[in-house]
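give the three-dimensional model of this entry:
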Amino acid sequence: MQVQVHPRVKNYLDESGEKERLKEGLARLGDDPFTSRSGLDVKKLKGKTHDVYRLRIGEHRFEYFVEDGTVWVQNAFRRERGYVQGR
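Predicted coordinates for the structure are as follows:
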């Protein structure tokens, strides 16, 4: 599967001090975006209008969805910011 990253997520990666580690984690989503495994903590989020998942890499969180064989990473933030409902 192909992984597409929203421009705001690219900016987040550029500003983080762990860009390479985060990019590796995101790239691994292409293998299986639905299952947690070693080094990849994936969880399906509740209360969303469509299936949205969360990837946790240390203190960083990424929200994404899968459509037509592509993983669309739409949001990135640090743990302390939390999640916005209804997005």
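
C-alpha only now, for contacts and for neighbours.
OK.

low-confidence stretches in the protein?
81-87 (pLDDT under 70).

all helices of it, in order?
7-15, 19-28 (DSSP state H).

how about those helices in a markdown table, adding mean neighbour count?
Below are the helices of the chain laid out as a markdown table (neighbours: other CA atoms under 10 Å):
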| stretch | mean neighbour count |
| --- | --- |
| helix 7-15 | 14 |
| helix 19-28 | 14 |
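
dump those helices into a markdown table; add distance to residue 74 as well.
Formatted as a markdown table, the helices of the chain follow (distance: least, CA to CA, whole Å):
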| stretch | distance to residue 74 |
| --- | --- |
| helix 7-15 | 7 |
| helix 19-28 | 12 |
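
of those, which is nearest residue 36?
helix 19-28 (10.9 Å; CA to CA).

packing partners of the closest one?
Other elements packing on helix 19-28 under the criterion 3 or more CA pairs under 8 Å, 6 or more residues apart in numbering; DSSP states H and E are helix 7-15.

tell me the angle the helix it packs on makes with helix 19-28.
140 degrees (axes from the mean of the first three to the mean of the last three CA atoms, to 10 degrees).

starting at the chain centroid, how far to helix 7-15?
12 Å (CA atoms, centre = their mean, to the nearest Å).

sketch out the strands for the chain, chain order is fine.
For the chain, the strands defined by DSSP state E cover 2-5, 41-44, 53-57, 60-67, 70-78.

for the fourth one, which positions count as buried?
Same thing as strand 60-67. Buried residues in strand 60-67, counted by 16 or more other CA atoms under 10 Å: 60, 61, 62, 63, 64, 65, 66.

all set now, cheers.
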